[in-house]
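Engineer: sequence first, then the predicted structure, then my questions.
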Amino acid sequence: MIHSSAPGKLMLLGEHSVVYGNPCIATSINKRLDVYLNDKNEHGKELKCTTIDALGIKSKFPSNFEQHKFLNLTIAKFFEKYGHKNFKLTTKPMPKGLGSSSAVVVAGVKALSTLYNLNWSNDEIFKFSYDIVKEGQKGKASGYDIAVAVYGGTIRYENKKGNIHIKKLKNIRNLIAIDTGVKSSTTELVREISEKMEKYGQIFCGIFKIINKIVDEGEKEITDENYKGLGELMNINHGILNAMGLSTYEIENLINGIKPYSYGAKISGAGRGDYIIAICKEQSKNNLMNYLRDVKTEHFEILQDKGVDVEIY
Ligand code: MEV
């Protein structure tokens with residue numbers, strides 16, 4: 001049995017701007033997506049076909065279920081390049097809005113490359129996974145989520161027309177992920193911003209220049225472990241995202257509610273829902289957690305996890 005896993009992600013600084021070749025800073029989280037790959041049945045006999053068992057749905061490969069889209073693509077790529085094999089691929093999913101699509105591709109590629117004895121480096125896993133995601137995604141995607149799933153930890157990521165730079169940064173303490181309870185569509189919001197860019201090209205040029213500066217300063221604050229400074233930059237970044245139309249009344253209420261306990265808080269990702277990320281004041285962590293419990297908001301402390309991993313047993 002091959003068992004691989006990859007972490008989910010949250011964006012710290014630079015969402016949307018990263019889609020246009022600018023840098024961002026993102027972090028892995030301590031919620032992983034697991035893939036189990038078995039080419040034998042419980043009696044040790046070889047399997048007669050390939051099956052997918054994911055998100056509570058079982059299907060023969062190729063699966064007709066939209067929920068299996070990325071797994072279908074991943075398996076098809078291996079069959080096309082390295083030949084057909086029979087196996088059962090099972091996943092243990094993680095909550096939505098935390099990078100499950102990128103994590104399933106990365107963990108799937110790791111498991112399959114292990115089955116095919118390809119001995120791939122992380123860079124090779126990244127390239128293969130990103131090509132699959134680009135093919136499967138309708139809109140533009142920067143690939144930062146794939147990078148986090150592969151390399152783990154906190155990274156600065158930049159993708160200038162396919163020229164990709166990934167830099168590992170220090171882990172950050174006291175980061176809290178807060179679920180807005182609303183699901184948002186990254187594809188639609190990326191499209192919406194690209195339409196606004198067409199209309200207000202110069203304004204967005206200026207906005208992205210400021211976000212670049214925020215990311216550069218953010219990297220310094222992370223290196224210096226100056227979390228007050230990092231929180232200030234998160235607040236500025238959030239203000240810009242709000243100006244771009246990516247916040248909501250509910251998100252603003254949530255952010256205002258946690259202000260007394262945090263140095264900074266912002267939308268993380270495409271906006272209008274999914275998760276908020278906050279950096280809390282060292283001495284206020286318990287108070288923040290109690291507050292979030294009182295207002296019945298799902299949350300967890302982010303511990304930066306390792307990148308993609310595999311074990312064979
Ligand atoms: C979504 O998590 C972040 C965006 O910047 C899209 C992307 O980078 O692919 C909005």
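Structural biologist: Yes, it's here.

Engineer: give me the buried positions along stretch 298-310.
Structural biologist: 299-300, 302, 304-305, 307-310 (16 or more other Cβ atoms under 10 Å). All C-beta spots, glycine's among them, are computed from the backbone N, C-alpha and C.

Engineer: quick one: which of the residues you listed is nearest to the ligand?
Structural biologist: The closest of the buried residues of stretch 298-310 to the ligand turns out to be Ile302 (Cβ to the nearest ligand atom; 15.1 Å).

Engineer: isn't the closest one up against Ala26?
Structural biologist: No - contact between Ile302 and Ala26 fails when scored by Cβ atoms under 8 Å: they sit 11.2 Å apart.

Engineer: need the residues touching each of these two.
Structural biologist: Both Ile302 and Ala26 are contacted by Leu10, under the criterion Cβ atoms under 8 Å, 6 or more residues apart in numbering.

Engineer: buried sites along stretch 109-119?
Structural biologist: Neighbour-count burial for stretch 109-119 flags 109-115 (criterion: 16+ other Cβ under 10 Å).

Engineer: relative to the whole chain's centre, how far out is it?
Structural biologist: Offset of stretch 109-119 from its chain centre (Cα atoms, centre = their mean, to the nearest Å): 22 Å.

Engineer: I'd like the average pLDDT over that stretch.
Structural biologist: When pLDDT is averaged along stretch 109-119, the result is 97.

Engineer: tell me the residue of the stretch 51-200 of the chain that sits nearest the ligand?
Structural biologist: As assessed by Cβ to the nearest ligand atom, the ligand sits closest to Ser142 within the stretch 51-200 of the chain, at 3.4 Å.

Engineer: what is the neighbour count of the closest residue to that residue other than its chain neighbours?
Structural biologist: Using Cβ to Cβ, 6 or more residues apart in numbering and skipping the chain neighbours, the partner closest in space to Ser142 is Val18 (4.4 Å). The number of residues packed near Val18 is 24, by other Cβ atoms under 10 Å.

Engineer: make sure Val18 is actually in contact with Lys160.
Structural biologist: No - under the criterion of Cβ under 8 Å, Val18 is not in contact with Lys160, lying 10.5 Å apart.

Engineer: the domain parsing of this structure - what is it?
Structural biologist: Domains of the chain are assigned by automatic domain parsing as 2-171, 175-302.

Engineer: out of the ones you listed, which one sits most buried?
Structural biologist: Most buried of those, by mean neighbour count (mean count of other Cβ atoms under 10 Å): domain 2-171, with a mean of 19.
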